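[1] have a look; sequence and predicted model below, questions after that.
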Amino acid sequence: MKRPPLFRRVPFALALSLAVLGGTGCGREPTVTGHMRVRHGDVWEEFPTSASSLVRPHAGRDSEFDLGPVFSFCHSDNLSAERREDSRGLCVYVDFELFAKGSGPAEYAIDGAAHVPGQRYQGTDDDVHFEPGPGHSPELKAAWTQSFCSDGDDEKTAIQQVSGRFVLEENSEDRLRGHLELTVQGPTAGTCPGDAAEVTLDFDLQD
């Protein structure tokens, strides 16, 4: 989990490529496993059982830059260092009001509506408006998804009803290990939005 360069927006495919290189390196076991799937009408589109990841803890960040949500997980039909122009996939984001490494185990409930603006490129967390439901954990700022592909309609704001949980079984200075479950009802946003999504991931991220 190296400190990312300072930037505001990157193309989906480029972000995925960078995250794959950083998250699964040569000869290493995948640090994120599980599944993501997106529903298009009556058909579910399944993605591979290993994922890329990116973590940007809020503590110590330059206030002049918005580096985006704390946790990003992406699945694609092309999890390799060689990016394809026709790659399709889904990214899920989990953001916090304040997140500190080393603060110990915790569990957060996800319950609310995410308003995700239509855009071809990955936005900052400030671009997403989240309305928490009655069961939502207040420490968790927002959770949402964005689909991506080489073309598609990216002009409409997507309103997603999201529910699930984010569990940190270990949160130490050099390791973040846990589990994410997320159900999305409504457009998955991004360039190739589906009608719904389901996410189940286990992650073990070490410095």
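    The structure has been received and is ready for your questions.

[2] mind listing what's buried along stretch 130-144?
    In terms of neighbour count (16 or more other Cβ atoms under 10 Å), stretch 130-144 has its buried residues at Phe130, Pro132, His136, Ser137, Leu140, Lys141, Ala142, Ala143, Trp144. In this view, the C-beta of every residue, glycine as well, is placed from N, C-alpha and C.

[3] a markdown table for those residues, including distance to Glu107?
    Conversion of those to a markdown table gives the following (distance: Cβ to Cβ, whole Å):
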| residue | distance to Glu107 |
| --- | --- |
| Phe130 | 19 |
| Pro132 | 16 |
| His136 | 13 |
| Ser137 | 8 |
| Leu140 | 10 |
| Lys141 | 16 |
| Ala142 | 17 |
| Ala143 | 14 |
| Trp144 | 19 |
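
[4] farthest pair in the residues you listed?
    In the buried residues of stretch 130-144, the most distant members under the criterion Cβ to Cβ are Ser137 and Trp144, with 15.4 Å between them.

[5] picking that back up, what's the closest of the buried residues of stretch 130-144 to Phe73?
    Ala143 (10.8 Å).

[6] residues in contact with that closest one?
    For Ala143, the set of contacting residues under the criterion of Cβ atoms under 8 Å, 6 or more residues apart in numbering consists of Val92, Tyr93, Val94, Asp95, Ile110, Gly112, Ala114, Phe130, Val162, Gly164, Phe166, Leu182.
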